[in-house]
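Colleague: predicted structure and sequence below. I'll ask about it afterward.
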Amino acid sequence: MKVKFRIRRFNPEVDKKPYWGEYTLDNVEPTDRILELLHRVKWEQDGTLTLRRSCAHGVCGSDAMRINGVNKLACKVLVKTLDLKDGGQVQVEPILGLPVVKDLVVDFEPFFDHYRAVMPYFMPATPRPGDGRERRQSPEDRARFDDTTKCILCACCTTSCPSFWASGEYVGPAAIVNAHRFIFDSRDGATQERLNILSEESGVWRCRTIFNCTPACPREIEVTRAIGEVKLAIQRNGR
Amino acid sequence: MDVKTHQFDVVVIGAGGAGMMAALYASRGAKTAVISKLYPTRSHTGTAQGGIGAALANLDEDHWEWHAFDTIKGGDYLTDQNAAETLAREAIDAVIELELMGLPFDRNPDGTISQRRFGGHTNNQTKKPVRRACHAADRTGHMILQTLYQNCIKEKVTFFDEYQAIDLITNDGKVCGVAAVCIDDGAIHVFHAKAICFATGGWGRLWETTSNAHSLTGDGPALVWRAGLPLQDMEFFQFHPTGLYPVGLLITEAVRGEGGVLINDKGERFMERYAPTIKDLASRDVVARSIYLEVQAGRGIGGKRYVHLDVRPETVNRYLAEAGEDRRVDADYILSKLPDITDFCHTYLGIDPTKSPIPIQPTAHYGMGGIPTNLDAEVISTGAGTVVPGLYAAGEVACVSVHGANRLGTNSLTDLIVFGRKAGKAMADYARQADFVPLPADPAGKIVAEIERIRKSSGKTKPYTIRQEMQKVMMDHVSVFREAPGLQKALDTVRELKSRYQNDLAIEDRGMRFNTDLLEAWELGCMLDLAEITTLSAIERKESRGGHSREDYPKRDDVNFLVHTMAYPEKGGIRIAHDRAVDLSLGYQPAERVY
């Protein structure tokens, strides 16, 4: 089939403001990924089209973008899921709320700054076991935070959040998800420090439970639930 | 062009498992920087699924000696036995260290790390599969990558994210720095360093069907090669038996570890014929060849180029019962052990693997060869093991050689941690006693000229065209089965493509900012170099061993080829020598390889 691409373009070295580039691809298969088709535009038609990508199967988190108005990983969207007719159009834009560097590439530094701010690392509650072996954890305790270990830091959730669009000071859903992963890990001992960080003005209370983040997550993490659990932990003064 | 210069004791190139492990250790004793063309969490370590191998013996009797032997046998006896010993011994402590860093492994009821079966890992006495793969669902690599990045943040490691290394700088033959492009603004940076570690991963993008990320273009080996140093065992590239058909993305061996079986068009569990003892859990080269032979014999599904991987509970339970095992599985169990695989099948094929079999084909997966190193991750420049002062390599890019002619599943993650750690420690020690080698005059002059040549290129051939042709000819003639005429055709094609790359290239983006058109073209140059070296190494190995199967030399030849291949850069070409002996210090003599 034939598919038209309408892609938000901006080259800071040439363009004063962004514009829509239009490209038509023939011989598109229903099973083609949007990433493959963007590559076809770049490789066959316009080498200046710029995007990030790496693993191409939804694990590395490089290719988050707005596809027909919804945050997705381009490598996880198949043409057939877009319900297109022959000659139909796909619109692709950079994710919102982070400065655009070029075309579909945004500046990830503010996003990673928020991530780094929530102590996203293990702070053991107990000393190393004397026998030189692993710390033990029950399967139930391990399951408690399984959902939030899946995060790939693609920014689909944070850049779908109206509170984040309104103020980039807000740490955003992804940072809270990564704090949650440690707050609810029975081996970790820095729960209170993280809860203190997240109860500041830039923390969880900026979340208005709009729920955009949960459907945006390509890893199907229950993001809004995780944020809710962190809010509850702050109120309870502990996990 | 304006060139910025930085000085660090240690520079690590690549921020996957090996690079970040090396950086954590090096930064404890030396001023260290990590340069990576991707944000660290985008690295390909994150896609590793099934597990990390270590003889923890949490569920079954196990010993590091068994793990070492399995690694040697899996490598078809080309594995250096002292390297296998190091890997298997240190794996245990390495996995414990990851857990202590916070890695959320799956747990057994007693709270210890959960383990499962994987191809080629056995109880050496009974020859039956042993549970050795430590795992976190089917995203073990993701958890390793996240945990290491988290610990790098905790220990304040310095990162240069989205800086792409493009030259290894030497002065009078001595290693002294790295040139890199800041992708964001296109500026060239020179990193003056005492010690440099390559941890850039693999080069699966040489082939048309691959499990590898777009970024795996072999930049590391190409830079070392261009600095005048050899590459080792490049003909050994693993084709993983179970790539999703037709896209090639990986379906972990853990599917078979949990009881999944391979089925042909006639409904036969064909691995019973090729590996009567451990069947579907034979090592990867054996299983990939078996699939090819089934397809060649017309027993692919519907006559096509794929077979089925069946992990439906009724199938798994039928074979468990046949094997006399008490264990039974249900759909929920499969889903809990293989959530990501279930998601891949759903996203890319619209199927539920607990209800339908998964179509699979072999896919280019892992380079056993690479930059030759010794056991301390020091790069060597001769078959005799001459050390290149200040130069290190770890992970897939390195050839220790711990994987020999074929890597066992789970050993890549083990390799990253064990040898990444060794590289980090060795570099911190080296930096303490060594001085900086001065940078040469105009250290980035040559590479800036090459980058500008590509930026201004105005020929007629797009990088894409050259890349596609290279990937096709490598897939057709330098994949699971090889023979002389096909290899020669591949060599001729690659050389012709190199000439077009030099003389007729055309890119369109002439800008400085985030110029991926330019960088993809530069990466293509790396891939063409490696394709030529790989093909020539394959031509010169006139035997079949592990991942290198010659139809014209179907037998292993220990008299002439129980030796590593070294490819040396020489004026005007490549010299292949079989001058690096295989270490046999554990005393395992090459035996017939039966599974």
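Modeller: Great, that's in hand. Just so it is clear, the structure is predicted and the values come from calculations on it, not from any experiment.

Colleague: would you list the phi and psi of residue A:155?
Modeller: Backbone torsions of residue A:155, given as degrees, to the nearest 10, read phi 80, psi 10.

Colleague: in chain A, where's the longest helix?
Modeller: When chain A is parsed with DSSP state H, its longest helix is helix A:223-236.

Colleague: pull the number of nearby residues for residue A:192.
Modeller: Other residues lying near residue A:192 total 13 when counted by other C-beta atoms under 10 Å in any protein chain shown. In this view, the C-beta of every residue, glycine as well, is placed from N, C-alpha and C.

Colleague: with residue A:1 instead?
Modeller: 15.

Colleague: helix or strand for the spatially closest residue to it that is not a sequence neighbour, which one?
Modeller: Nearest in space to residue A:1, with sequence neighbours left out and distances taken as C-beta to C-beta, 6 or more residues apart in numbering or on different chains, is residue A:86 at 4.6 Å. Under the criterion DSSP states H and E, no helix or strand holds residue A:86.

Colleague: go on, residue A:7?
Modeller: Per DSSP H and E: strand A:3-9 holds residue A:7.

Colleague: quick check: the residue nearest to residue A:1 touching residue A:24?
Modeller: No - in this structure, residue A:86 is not within contact of residue A:24 by C-beta atoms under 8 Å, at 11.6 Å.

Colleague: quick one: which of the two has more around it?
Modeller: Counted by other C-beta under 10 Å, residue A:86 and residue A:24 do not tie: residue A:24 has more neighbours, with 13 against 8.

Colleague: who does that one form a beta bridge with?
Modeller: Residues in a beta bridge with residue A:24, per DSSP bridges, are residue A:4.

Colleague: contacting residues for it?
Modeller: Taking C-beta atoms under 8 Å, 6 or more residues apart in numbering or on different chains, we find residue A:24 in contact with A:2-5.

Colleague: count the neighbours of the closest residue to residue B:278 other than its chain neighbours for me.
Modeller: On the basis of C-beta to C-beta, 6+ apart, the spatially nearest residue to residue B:278 that is not a chain neighbour turns out to be residue B:595, at 4.9 Å. By other C-beta under 10 Å, 20 other residues sit near residue B:595.

Colleague: what do you get for residue A:88?
Modeller: Residue crowding around residue A:88 was assessed by other C-beta under 10 Å; the count is 14.

Colleague: which residue packs closest to it, ignoring adjacent ones?
Modeller: In space, and not counting its chain neighbours, residue A:88 is closest to residue A:3: 6.2 Å by C-beta to C-beta, 6+ apart.

Colleague: just checking, the one you found touches residue A:29?
Modeller: No - applying C-beta under 8 Å as the test, residue A:3 and residue A:29 come out as separate, 10.1 Å apart.

Colleague: can you check which residues contact both of those two?
Modeller: With C-beta under 8 Å, 6+ apart, residue A:3 and residue A:29 have common neighbours residue A:79.

Colleague: those two - which one has more neighbours?
Modeller: Higher neighbour count among residue A:3 and residue A:29: residue A:3, with 23 against 12, using other C-beta under 10 Å.

Colleague: distance of the more buried one from residue A:100?
Modeller: 24 Å (C-beta to C-beta, to the nearest Å).

Colleague: repeat for residue B:54
Modeller: Residue B:54 sits 45 Å away from residue A:100, going by C-beta to C-beta.

Colleague: as a check, name the ranges of all helices in chain A.
Modeller: Counting by DSSP H, chain A has helices at residues A:34-40, A:109-117, A:139-144, A:162-166, A:172-183, A:191-198, A:213-216, A:223-236.

Colleague: who are the packing partners of the first one?
Modeller: Of the remaining helices and strands, those touching helix A:34-40 by 3 or more C-beta pairs under 8 Å, 6 or more residues apart in numbering or on different chains; DSSP states H and E are strand A:3-9, strand A:88-93.

Colleague: most proximal residue of chain B with respect to chain A?
Modeller: residue B:102 (2.6 Å; C-beta to the nearest C-beta).

Colleague: wait, a strand at that residue?
Modeller: No - counting by DSSP: H, G, I helix; E, B strand; the rest coil, residue B:102 is not part of a strand but coil.

Colleague: give me the residues contacting the strand holding residue A:7.
Modeller: With C-beta under 8 Å, 6+ apart as the criterion, strand A:3-9 contacts A:15, A:18-25, A:28, A:37-38, A:41, A:49, A:79, A:84, A:87-94, A:103-104.

Colleague: using PDB, list the CA coordinates for it.
Modeller: The C-alpha trace of strand A:3-9 is given here as PDB (Å, rounded to 0.1, in the frame of the first residue of the first chain):
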ATOM      1  CA  VAL A   3       1.400   5.700   2.900                       C
ATOM      2  CA  LYS A   4       1.900   9.500   3.300                       C
ATOM      3  CA  PHE A   5       4.200  10.800   6.000                       C
ATOM      4  CA  ARG A   6       3.800  14.200   7.500                       C
ATOM      5  CA  ILE A   7       6.900  14.800   9.600                       C
ATOM      6  CA  ARG A   8       7.600  17.800  11.800                       C
ATOM      7  CA  ARG A   9      11.000  19.100  10.600                       C
END
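
Colleague: list the buried residues in that strand.
Modeller: Using 16 or more other C-beta atoms under 10 Å in any protein chain shown as the test for burial, strand A:3-9 gives A:3, A:5, A:7-9.

Colleague: let's have the helices and strands packed on helix A:34-40 in a markdown table, adding mean pLDDT.
Modeller: As requested, the helices and strands packed on helix A:34-40 are exported to a markdown table (pLDDT from 0 to 100):
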| stretch | mean pLDDT |
| --- | --- |
| strand A:3-9 | 98 |
| strand A:88-93 | 97 |
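
Colleague: and these as CSV, adding distance to residue B:512?
Modeller: Converted to CSV, the helices and strands packed on helix A:34-40 look like this (distance: least, C-beta to C-beta, whole Å):
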stretch, distance to residue B:512
strand A:3-9, 17
strand A:88-93, 24
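
Colleague: secondary structure element holding the nearest residue to residue B:136 once chain neighbours are set aside?
Modeller: Spatial nearest neighbour of residue B:136, chain neighbours left out: residue B:143 (4.2 Å); criterion: C-beta to C-beta, 6+ apart. Per DSSP H and E, residue B:143 falls inside helix B:140-154.
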